[in-house]
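**Q** requesting a structural model of the entry that follows:
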Amino acid sequence: MGRFERLLLVLAVAYPLVWVSERLGIGVLPATLSFLLLVVVLFGVPYLLIRWAIGNRERLLWSLRNRLVVAYLFIAVVPTLLVVTLGWLTARMFYQQVAAYVVYSDVQQRLGRIAAVADEIVALRPGQELTSIMLGASKDLPGLTYEFGAGEPLLKLSTGAGDRFAGLVQDGESVWLRAAAARGVGKDRRLVTLSAQFGLELVNTLAPDLGPLQFTITRLAKPEETSGVIPLGDTRYFLVKAVAAKDRVLSRAAGWFDFEVNGVPKLDVMCVDDPPCGGVASGKGALFGSVLTRTARLNSRLFSDPGEVGDLFLKFLIALAILFFLIEVAALVLGIRLTQTITGAVSELYSATEYVKAGDLTHRVRTRERDQLGALGESFNAMIGSVATLIEEQKHRQRLENELAIAQQVQAQLFPQQLPSMPRLELAAVCRAARVVSGDYYDFIPLGANRMGIAIADISGKGISAALLMASLQAALRSQLLLDEALSENTAELVTRLNRHLFLNTSSERYATLFYATYDTATQMLRYTNAGHLPPLYVVGEKVRKLEEGGMVVGLFDDCVYEQGSAVVEPGGLLVAYSDGLVEPENVYGEQFGMEQLTAEVLRHQHLPPQELAETLVRAAEEWAGTLEQADDMTVIVARVK
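**A** Okay, here's the model as predicted:
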């Protein structure tokens, strides 16, 4: 808070002390300063509350409970307070109007009474007694007088037929209840005027059951008059004098609803003096009343006077108010209970998330209610269970990935780490695994100073199982060549032995396609056996030969017979061997890359170095497929004779 806010806070704390001291009669501040302090507090406290709420909005509204409380304040409490305030103000205005109407109607009754007496007197026949009529009327109209032959000016003020007048008349500083009545015409015309001064005696008889009553006689104010003037709309009234009833006191409150009521009736007055009403050019003045009473007095007029039905109606209203109050209390209790249920469930969910954040996946939310919040708790428990399961699966998957990484490293050691060099022979190879490990196998095996073994194989299946069979095939191939040097020239016998080895050591559905060849640089002879593998291409210039001699795939049957093919390799001759992953990729139309497309690519790029040619062929197949994901392992080996 700044200095201004701190000053307001100090004044807000000090005002209750000042108020208490004034009630005890120990005024510590002058009345003017006390009033100014009250004004500052009335405006300063709401300002401080608003500033505090804005400054602490995020902290206050972070909790769902506080948000619901604020929502209930705006949705329920504030409208209820507004309705109660409106009802209270309406009741006060209603009772004020009722009090004013009671006094007003009592004055109108006296006017009606004096008009009736005037009609009765003017209708008397000669010889009839007048005294009894005047005595009977004087009870309601104290000081009543009559005069025959006068009152023509009053009849001119009448708005009716012109032979009767009854109203309040101001003559100088006095107000009178006057009535004039005429009968007949010409010499037979009779005219009587009755007058009763609107003074203390008359005021004492008006509404005696209500309480203190006072009337203020006014006249229209002159333009130069400023003090003692009451402005009312566009009209200014000058206070002449006040007439108050004597010996009237305000009764004690009979209950909390028996509050004070101040009714202010206004009665129109006709001015008949000359000049009218103090010299102001207008024929009308006003008589202002003020009656102080309580609601119990007015209720007796409204409900008790009409009889038992009115009293029953009042009791019904009281019973209905009590019923509404009980319903409001029950609604409040129910709202608090529902709020506790909602906020309790949310709080428990929040606590559960904190446990999960700390790594405790065994914590569960207790579900007590069979509602959406209970279902939310059960869903949270199920989610945490799923998360725990997923974490375990992730750990298991991580272990598998680690094992696959190790397998990939092991398999990488099975491939030639460095391509062997031999005079007049260039070698290259590219192997792209579809998964972490590959089921394709290629190898270059030196077989002496002049001979080189070349192998490429495709194991059935993918993944770990294919990689294991590939390792077995590689070990068997190299071990056979090491144990028997004669196999370096007899490729068919070597493949026959490999077939039996795989048949005896693998399941019936496991097999491999294999192409194995030996090249002798001294004789330029290429001997080979193709065991079910896609035929490699031997290219010389524009001539292409497919190396197909061999037999069945290895590992599927025990008694397979394999043949050995041969070819004399001319200088510049090119050998391209590949796996099916290179020719089987499909484009968006479902067309495979195929042998024809591969052959065309080989002829187009045969002038490239072997390594660039192998990479070009793989790239061409990938561009044909148009996707980064491989469906199968891709392997290409290229050998060129200089």
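
**Q** how about Leu526: which residues does it bridge to?
**A** Per DSSP bridges, residues listed as beta-bridge partners of Leu526: Tyr519, Ala567.

**Q** who touches Val576 in this structure?
**A** For Val576, the contacting residues are Pro536, Leu537, Val539, Val602, Leu613, Leu617, Val636, Ile637, Val638, taking CB atoms under 8 Å, 6 or more residues apart in numbering as the criterion. Quick note: C-beta positions are derived from backbone N, CA and C, even for glycine.

**Q** Gly590: which of these is nearest?
**A** Distance to Gly590 across the contacts of Val576 (CB to CB) is lowest for Leu617, with 21.5 Å.

**Q** show me what contacts the closest one?
**A** The contact partners of Leu617, by CB under 8 Å, 6+ apart, come to Val430, Val576, Tyr578, Leu582, Leu598, Glu601, Val602, His605, Val636.

**Q** just the buried residues of these.
**A** Using 16 or more other CB atoms under 10 Å as the burial test, these include Val430, Val576, Tyr578, Leu582, Leu598, Glu601, Val602, Val636 as buried.

**Q** could you dump those residues to a markdown table with secondary structure and distance to Glu224?
**A** Listed next are these as a markdown table, based on DSSP: H, G, I helix; E, B strand; the rest coil; distance: CB to CB, whole Å:
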| residue | secondary structure | distance to Glu224 |
| --- | --- | --- |
| Val430 | strand | 118 |
| Val576 | strand | 126 |
| Tyr578 | strand | 123 |
| Leu582 | helix | 119 |
| Leu598 | helix | 122 |
| Glu601 | helix | 119 |
| Val602 | helix | 124 |
| Val636 | strand | 121 |
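
**Q** in the chain, what helix or strand scores lowest on average pLDDT?
**A** Among the helical and strand segments of the chain, the one scoring lowest on mean pLDDT, DSSP states H and E is helix 57-61, with a mean of 69.

**Q** next helix or strand past that helix?
**A** Counting by DSSP states H and E, the next helix or strand C-terminal to helix 57-61 is helix 64-72.

**Q** for that following helix, buried residues please.
**A** Along helix 64-72, the positions that meet the burial threshold by neighbour count (16+ other CB under 10 Å) are Leu68.

**Q** stretch 293-304 now?
**A** Buried residues in stretch 293-304, defined by neighbour count with 16+ other CB under 10 Å: Thr293, Arg294, Thr295, Ala296, Arg297, Leu298, Asn299, Arg301, Leu302, Phe303.

**Q** let's have these in CSV, adding pLDDT.
**A** Below are these laid out as CSV (pLDDT from 0 to 100):
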residue, pLDDT
Thr293, 93
Arg294, 91
Thr295, 89
Ala296, 86
Arg297, 87
Leu298, 87
Asn299, 84
Arg301, 80
Leu302, 80
Phe303, 74
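
**Q** now render those residues as CSV, adding secondary structure and distance to Leu628.
**A** Supplementary listing: these in CSV, determined by three-state DSSP; distance: CB to CB, whole Å:
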residue, secondary structure, distance to Leu628
Thr293, strand, 95
Arg294, strand, 93
Thr295, helix, 89
Ala296, helix, 93
Arg297, helix, 96
Leu298, helix, 92
Asn299, helix, 91
Arg301, helix, 96
Leu302, helix, 92
Phe303, helix, 92
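
**Q** would you map out the domains in the protein?
**A** With automatic domain parsing serving as the domain definition, the record reports that the chain contains domains spanning 1-55, 89-296, 306-409, 415-641.

**Q** of all these, which one is nearest Leu82?
**A** domain 89-296 (10.5 Å).

**Q** distance between the ends of the closest one?
**A** The first residue of domain 89-296 is 17 Å away from its last residue (CA to CA, to the nearest Å).

**Q** before we move on, what about stretch 190-208?
**A** The distance separating the two terminal residues of stretch 190-208, taken as CA to CA, comes to 36 Å.

**Q** low pLDDT regions in the stretch 151-300 of the chain?
**A** Low-confidence segments of the stretch 151-300 of the chain, defined by pLDDT under 70: 151, 159-162, 273-283.

**Q** which residues in it form helices?
**A** The residue ranges that make up the helices of the stretch 151-300 of the chain, judged by DSSP state H, counting those that start in this stretch, are 152-156, 200-205, 295-299.

**Q** please identify the buried residues of the second one?
**A** Judged by neighbour count (16+ other CB under 10 Å), helix 200-205 contains these buried residues: Glu201, Leu202, Val203, Asn204.

**Q** lowest-confidence stretch among the domains of the chain?
**A** Averaged per stretch, pLDDT over the domains of the chain is lowest on domain 306-409, reaching a mean of 78.
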